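# this one's sequence-less:
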């Protein structure tokens with residue numbers, strides 16, 4: 001049992017600790033900004049200064065970016081932070097940091113709906129979210145998914161407290177934040193209809209409360225019916241070219257009615273769905289995509305596994321009670337967006353799974369908390385603190401070993417380029433590490449008006465991607481073309497070359513500087529052609 005005053009003090013301390021864990025050394029862990037973060041940041045910077053995105057579109061509801069068509073809420077949310085703090089890693093990541101900081105508060109409020117007023121369970125649920133390696137890791141990256149997670153949980157809280165207009169409006173914002181929200185929309189509507197039916201809610205009499213939601217859904221449907229709204233799913237769908245080839249091979253053995261796109265999709269999606277409940281994923285090794293979690297490291301401590309299993313039984317046992325049926329529905333639908341894509345279980349696409357896992361763990365603790373409250377609370381505290389002693393050294397090692405995956409070295413390359421810009425007629429940069437133009441725009445930062453209207457911008461569209469080949473005096477070359485296209489540069493054209501290690505012609509170049517990854521391996525070599 002806990003008094004309201006002590007509860008508020010503990011919750012405030014937890015939120016403060018959560019903020020510190022999410023912002024401390026933010027420029028070092030992760031080791032650098034990736035291309036998605038720089039794209040989010042520069043588009044927000046461009047909106048701030050011109051009211052247009054990097055392609056010159058005024059206040060878009062979807063951002064073309066590289067051709068991945070980013071949803072707008074994160075970008076617009078970052079604008080005020082960039083206005084105050086400038087364009088840097090902190091200002092770009094601050095939206096995600098704050099979303100992760102205040103997520104435990106929402107989970108606390110949700111847990112309040114199924115516990116008595118003086119129960120310690122809501123505080124324990126908040127604490128698990130504060131200290132979870134998964135939520136810490138994801139909150140330190142500029143991720144649209146992490147902002148959607150906050151909005152999703154807030155929407156569910158308003159749903160549980162019967163503030164349906166607010167719930168739908170918040171979920172509507174989520175539809176313009178991250179694509180998983182769109183996959184979950186039909187299930188959210190089913191849940192909403194179920195609650196309306198059970199509560200005998202007169203929607204027709206109060207329809208005007210849902211007008212903002214209907215407008216946001218309308219925008220979403222319009223985007224989905226266009227290529228821009230389908231772009232991301234086309235890249236990650238289960239039914240890619242490799243799957244089609246596999247289906248054709250299987251048809252040599254099995255009849256068509258057994259092996260086709262529908263049966264393959266259902267079977268693969270089913271396997272993917274089940275994998276999210278595999279203890280190996282949640283409590284031991286994490287997801288397969290090492291940009292969103294530390295490889296071979298747990299999302300939640302393995303010591304919580306028995307309580308997660310027990311919590312599932314408690315949800316099923318109380319399925320006829322509100323809010324247990326709503327929570328069970330949340331648990332069951334969260335893996336769906338990840339299940340219908342490649343690389344499942346994918347922590348980002350199933351990000352709404354994380355808080356409901358924490359809540360389920362706490363439900364499993366309920367029995368022990370009632371019988372031996374002090375020992376139970378001590379157990380959770382020790383497990384969470386011990387997890388931090390395991391997480392942070394691993395995170396530091398991760399930053400060193402995986403800095404190449406975070407496109408480390410671009411900031412240093414741009415810094416050198418900016419300092420020596422006036423000395424060269426042209427500057428050539430390899431595309432080996434992905435989209436060098438975006439890092440130039442961000443780290444310079446380049447004047448958005450000049451970039452939007454640049455007569456020298458050279459781009460083309462193929463393979464469902466917008467490729468920038470140059471602007472101003474910059475040229476961006478595929479790594480395999482660097483040697484051949486820099487072999488015969490006229491001697492009166494002074495050229496700076498930034499390329500991958502040893503990817504240059506020996507005869508006409510002079511090595512100036514090498515930029516290393518954090519593990520000491522070379523990332524870029526900076527050379528002068530015709531010195």
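Everything's here; your move. All values derive from a computational prediction rather than experimental measurement.

# which element is the closest residue to residue 78 other than its chain neighbours on?
The shortest distance from residue 78 to any non-neighbouring residue, by C-beta to C-beta, 6 or more residues apart in numbering, is to residue 44 (4.1 Å). C-beta here means a position set from N, CA and C on the backbone, and glycine is covered the same way. Following DSSP states H and E, one finds residue 44 within helix 35-50.

# just after that helix, pick out the following helix or strand.
helix 73-85.

# now do the strand or helix carrying residue 15: distance to the chain's middle.
Using DSSP H and E, residue 15 maps to helix 4-23. With C-alpha atoms, centre = their mean, to the nearest Å as the basis, helix 4-23 stands 24 Å off its chain's centre.

# report the buried residues of it.
By 16 or more other C-beta atoms under 10 Å, the buried positions in helix 4-23 come out as 7, 10-11, 14-15, 17-19, 21-23.

# what's the answer for stretch 109-128, then?
By neighbour count on 16+ other C-beta under 10 Å, the buried set for stretch 109-128 is 109-115, 119-128.

# keep only those of the residues you listed that are in helices.
109-112, 121-128 (DSSP state H).

# got the contact list for the residue most central in space within the chain?
Centroid-nearest residue in the chain, with C-alpha atoms, centre = their mean: residue 143, separated by 3.5 Å. Counting by C-beta atoms under 8 Å, 6 or more residues apart in numbering, residue 143 touches 74, 96, 348.

# can you list those residues in JSON lines and add pLDDT?
Shown next, in JSON lines, are the contacts of residue 143 (pLDDT from 0 to 100):
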{"residue": "74", "pLDDT": "98"}
{"residue": "96", "pLDDT": "98"}
{"residue": "348", "pLDDT": "95"}
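
# nearest to residue 2, of these?
Of all these, residue 96 has the smallest distance to residue 2: 30.5 Å, by C-beta to C-beta.

# and that closest one, what does it touch?
Residue 96 touches 74, 138-143, 146-147, counting by C-beta under 8 Å, 6+ apart.

# so which of those is the closest to residue 60?
Using C-beta to C-beta, the contacts of residue 96 come closest to residue 60 at residue 74, 13.2 Å.

# spatially nearest residue to that closest one (excluding sequence neighbours)?
Sequence neighbours aside, residue 144 is the residue nearest to residue 74 in space, at 4.5 Å (criterion: C-beta to C-beta, 6+ apart).

# and the gap between that neighbour and residue 289?
Taking C-beta to C-beta, to the nearest Å as the measure, residue 144 falls 15 Å from residue 289.

# swap in residue 70?
18 Å.

# who's more crowded, these two?
residue 70 (24 against 15; other C-beta atoms under 10 Å).

# where does the stretch 101-250 of the chain dip in pLDDT?
Where the stretch 101-250 of the chain drops to pLDDT under 70, the residues are 229, 231-235, 240-241, 244.

# where do the helices of it begin and end?
121-131, 133-139, 144-160, 164-175, 180-199, 211-224, 227-236, 241-250 (DSSP state H, counting those that start in this stretch).

# how many residues are close by residue 531?
By the measure other C-beta under 10 Å, the count of residues near residue 531 is 11.

# how many residues are close by the residue lying closest to it once chain neighbours are set aside?
Nearest non-adjacent residue to residue 531, counting by C-beta to C-beta, 6+ apart: residue 510, 4.0 Å away. Using other C-beta under 10 Å, residue 510 has 10 other residues around it.

# please apply the same query to the one 10 residues further on.
A total of 7 residues lie near residue 520 under the criterion other C-beta under 10 Å.

# before we move on, what about residue 321?
Each residue near residue 321 was counted by other C-beta under 10 Å, and the total is 11.

# could you do residue 481 as well?
Neighbours around residue 481, by other C-beta under 10 Å: 11.

# got it, and residue 368?
By the measure other C-beta under 10 Å, the count of residues near residue 368 is 16.

# which strand or helix spans it?
Residue 368 is part of helix 353-371, with elements assigned from DSSP H and E.

# residue contacts, the residue nearest to residue 74?
Counting by C-beta under 8 Å, 6+ apart, residue 144 makes contact with 40, 70-71, 73-74, 177-178.

# what lies in contact with stretch 36-56?
By C-beta under 8 Å, 6+ apart, stretch 36-56 touches 33, 58-60, 63-66, 70, 74-76, 78-79, 82-83, 87, 89, 91-93, 141-142, 144, 435, 438-439, 441-443, 445, 447-449, 451-453.

# alright, I will stop here.
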